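J.: structure, please.
(chains A and B)
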Amino acid sequence: MPAIDISGVTKQFGDVTALQDLDLTVEEGEVYGFLGPNGAGKSTTIDILLDFVRPTDGSATVLGHDAQEESLEIRRRTGVLPDAFHVYDRLTARQHLEFAIESKGVDDDPEALLERVGIPDAADRKAGGFSKGMAQRLVLAIALVGDPDLIILDEPSTGLDPNGAREMRNIITEEADRGATVFFSSHILEQVEAVCDRVGILQNGELIAEDTVSGLRQAAGTGTKLTVTVNGLTDDVVAAVEGVAGVNSVSRDADTIVVDAESGAKTAILDAVETAGGDVADFTTTEASLEDVFAAYTENGGVSR
Amino acid sequence: MTYLDVAKKDFRDASRSRALWALTALFVLFLAGFAYLGTLFLTQGSSDPSVSSLDFVTFLLGPAALLIPITGLVISYKSIAGEVESGSAKLLLSLPHSRRDTVIGKVLGRSAVLAVSILAGLVLALIVIVALYDEFDPVVYLVFSIFTLLFGLVYIAIGVGISATSQDSGRAMILVTGFYVLFEIIWGFVPNGVYYLLNGKFSPEYIQTPGGGVILDAPGWFFFLQRLSPSAAFNNATRAFTDSTFTIAPALDPTPFYLSEWASVAVLLFWLLAVPAVGTYLFNRADL
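T.: A predicted model of the protein is given here:
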């Protein structure tokens, strides 16, 4: 039984179509990254899973329950870090957690949860004085209450510094190891890349790609990017590099060439530069980031999945 | 059924607000202050120098019918709309609370806030009355206290119910103001308006009674319409239950059932349930 099963969901807000015939399945125990630019429909999708918003057409089931008819049962077993939430300014971190613990009818220890998200000293401080990052950690702690079967995180790294973002990833991994399904949306790609089993890319309310991170890379045809600074860069050098097997494209900027190639072609490219009379002063390689993959999909109108 | 969790959270949240303490001070000043003023005003120009708790209740009904609706609505109008607007509703509704339980919990939580303030005022007023008044009738005072608390609950329910229909507190404020203006100010003219349509004149006749009093010779529906507003129902129920000589429509004998004190209680209960029911209905259907 899939943890999340969205089938043919369309959502219109007046004239605006937020989601168009969306099909999406997340298996139990999976860490699923839900990527897309702002306004793509990620939060609307999550809002439908939590019954904050009702689909115009189609249906969604979460943990085997209908998202509209059995939302309470879903929310009993789900932990959520929503997007654009606001904490209760006058309640302390501990009181927030007590509310969540009582609401879910479990007996977690607020202190332990705050320890886990890295703000143990904030237990008795009013959340109104929290920074965005602390509030984010507090709500992550709320999402962890009761060891939920499904954890939904909407832009979880918002407001976190790199350190905090890494701790967030560790927690996601720990929860996945425990057996929880994790569904999280992001437009920060390293986040998704580091922890996800599978990634879906949403654009303008449609899922334009869905695969593993490496699968997406291959599908989008972006391999390694090699940046070479050459003393005495000539057109011959560029032509020589273009002739190397595995090179997709070469672009030249002053004394630097940027080569998009299969990952195995690096040595052959450098050899070709030297053979053609160029002197390699410096070179760097960048593995195609998901951002490049993302750009490849969103700018070229998408690759069929 | 998780409304108690919501209510507890809401009360905790609100009870840390300075506004609550300001409100408590207001009610203490209001009730105890009026109890004291009563000793000065109620005996003035009267041949009977004694003041009783019944005098106090009659003296206080008008001001209470003004103060409680306004404070009740102020406390409650943001309860749901404000949470939806700020985004804290996303935390609340991510947890396993139905929207109906959210409305019920908010009504209970905010009512507790108002009740704390009213009770503080009632207790202090009681001390003043026992100390300064010639006659003290605990039953009269108890009935007055119960109806005052019920009236507060009714207006909290109205405010929360209206709040549940709105996604932003600005709209909720406009709607509660509209409710207040319609049912507490304009409503006073509605029976006369209907009377005009039926009889070509605005007001029924006043007639002399053999005892020397003046009573309004109006049909039953006229009084019924007058007493549909929450504060009129509160006023009527409290007076009828505390003062055995009080009758709504002496020209109508016997008093029809729909003008009885129990009818006014029913009107209060109607408002208590109807507005949150409408609010819940719309809240349930809303996209947040």
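
J.: so what's the residue count around the closest residue to A:Val145 other than its chain neighbours?
T.: Nearest non-adjacent residue to A:Val145, counting by CB to CB, 6 or more residues apart in numbering or on different chains: A:Ala100, 4.5 Å away. For glycine as for every other residue, the C-beta is placed from the backbone atoms N, C-alpha and C. A count of nearby residues for A:Ala100, using other CB atoms under 10 Å in any protein chain shown, gives 28.

J.: so A:Ala100 is in which element?
T.: helix A:93-104 (DSSP states H and E).

J.: re earlier: the residue nearest to A:Val145 contacts A:Ile142, correct?
T.: Yes - contact status for A:Ala100 versus A:Ile142: in contact at 4.6 Å, counting by CB atoms under 8 Å.

J.: ends of stretch A:215-231, what's the gap?
T.: Taking CA to CA, to the nearest Å as the measure, stretch A:215-231 stretches 37 Å from start to finish.

J.: if we can go back for a sec, not counting the very next helix or strand once past the helix holding A:Ala100 itself, show me its contacts.
T.: The helix or strand immediately downstream of helix A:93-104 is helix A:110-116, counting by DSSP H and E. Defining contact as CB atoms under 8 Å, 6 or more residues apart in numbering or on different chains, one finds that helix A:110-116 is touched by A:93-94, A:97-98, A:101, A:120, A:122-123, A:138, A:141, A:144-145, A:171.

J.: for the chain, what's the longest helix?
T.: In the absence of a named chain, chain A is used. Looking across chain A with DSSP state H, the single longest helix is helix A:162-178.

J.: my question was about chain B, not that one.
T.: helix B:99-132.

J.: next, the angle helix A:93-104 makes with it.
T.: With axes from the mean of the first three to the mean of the last three CA atoms, to 10 degrees defining the directions, helix B:99-132 sits at 120 degrees from helix A:93-104.

J.: give the buried residues for the longest helix of chain A.
T.: Buried positions in helix A:162-178, judged by neighbour count with 16 or more other CB atoms under 10 Å in any protein chain shown: A:Gly164, A:Ala165, A:Glu167, A:Met168, A:Arg169, A:Ile171, A:Ile172, A:Glu175, A:Ala176.

J.: now do the same for the residue most central in space within chain B: helix, strand or coil?
T.: Computing the C-alpha centroid of chain B and ranking residues by CA atoms, centre = their mean puts B:Phe151 first, at 3.3 Å. Assigned with DSSP: H, G, I helix; E, B strand; the rest coil, B:Phe151 falls in the helix class.

J.: give me every residue that touches it.
T.: B:Phe151 touches B:Ala64, B:Ala65, B:Ile68, B:Pro230, B:Ser231, B:Phe234, B:Leu268, counting by CB under 8 Å, 6+ apart.

J.: okay, the residues you listed in JSON lines with neighbour count next?
T.: Output for those, formatted as JSON lines (neighbours: other CB atoms under 10 Å in any protein chain shown):
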{"residue": "B:Ala64", "neighbour count": "26"}
{"residue": "B:Ala65", "neighbour count": "20"}
{"residue": "B:Ile68", "neighbour count": "25"}
{"residue": "B:Pro230", "neighbour count": "29"}
{"residue": "B:Ser231", "neighbour count": "23"}
{"residue": "B:Phe234", "neighbour count": "28"}
{"residue": "B:Leu268", "neighbour count": "21"}
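
J.: residue boundaries of the helices in the chain?
T.: You didn't say which chain, so I picked chain A. A:42-49, A:71-76, A:93-104, A:110-116, A:132-144, A:162-178, A:189-195, A:213-220, A:235-242, A:266-275, A:290-299.

J.: can you look at chain B instead?
T.: Per DSSP H, chain B carries helices over the ranges B:3-15, B:18-41, B:53-76, B:81-86, B:88-94, B:99-132, B:138-163, B:169-180, B:190-199, B:220-226, B:230-242, B:261-285.

J.: quick check: which of those is nearest to A:Leu153?
T.: Judged by CB to CB, the one of the helices of chain B that comes nearest to A:Leu153 is helix B:88-94, at 11.3 Å.

J.: and that closest one, what does it pack against?
T.: Applying 3 or more CB pairs under 8 Å, 6 or more residues apart in numbering or on different chains; DSSP states H and E, we find helix B:88-94 packed against strand A:78-81, helix A:132-144, helix B:99-132.

J.: how about TSV for those, with mean pLDDT and mean neighbour count added?
T.: As requested, these are exported to TSV (pLDDT from 0 to 100; neighbours: other CB atoms under 10 Å in any protein chain shown):
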stretch	mean pLDDT	mean neighbour count
strand A:78-81	97	27
helix A:132-144	95	23
helix B:99-132	93	21
